[in-house]
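>>> Structural data only, the sequence is not supplied:
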């Protein structure tokens, strides 16, 4: 009876050893395959870097060269638009900001700072309520009126200033 128990233990010991060897072999082969895959992917990445990076850098430079004049043109258009619309905004913003006395005044600022509006340098909070004119008001000069007034055909001559 002693022999069959020894044989039984030896059988299971062999099964355990073979199973252990099997899993070690599989683990080793999987690790080798993973290492090979990593090595291959690194080589591929290097080759792609060599093949693709210079054309991409060249394309990036070309796009920057093409975009630079467009950006400068857009900035010039924006500056010209802001300059051309300044008289209009100085005439409209006082209405929106509830300072009708300031309509068309070249000193009107109308910007908010920490929640407080600076109307102008002479009257930071605007003229007093009920006042219908400002003693410091200077009318805004419109860019197109200079050419017309130089020729003597100013269409705004009839307007009160």
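Happy to help now that I have it. Since the model is a prediction, treat every value here as computed from it, not as a measurement.

>>> the longest helix in the protein is where?
helix 2-96 (DSSP state H).

>>> so what does it touch, helix or strand wise?
The contact analysis (3 or more CB pairs under 8 Å, 6 or more residues apart in numbering; DSSP states H and E) places helix 2-96 against helix 143-151. In this view, the C-beta of every residue, glycine as well, is placed from N, C-alpha and C.

>>> The longest helix of the chain: what's the following helix or strand?
strand 111-113 (DSSP states H and E).

>>> Name every strand pairing with that next one and say which way it goes.
strand 116-118 (antiparallel) (DSSP bridges).

>>> The partner strand: how far from the chain's middle?
Distance of strand 116-118 from the chain centroid (CA atoms, centre = their mean, to the nearest Å) equals 28 Å.

>>> any idea how far residue 72 is from residue 61?
Taking CB to CB, to the nearest Å as the measure, residue 61 falls 17 Å from residue 72.

>>> Kindly report the same for residue 131.
Residue 131 sits 46 Å away from residue 72, going by CB to CB.

>>> Look at residue 34 and report its pLDDT.
Listed pLDDT for residue 34 reads 95.

>>> Revised request: answer the last question for residue 124.
Value for residue 124, per-residue pLDDT: 88.

>>> looking at it, it is touching residue 113, isn't it?
No: counting by CB atoms under 8 Å, residue 124 stays clear of residue 113, with 10.0 Å between them.
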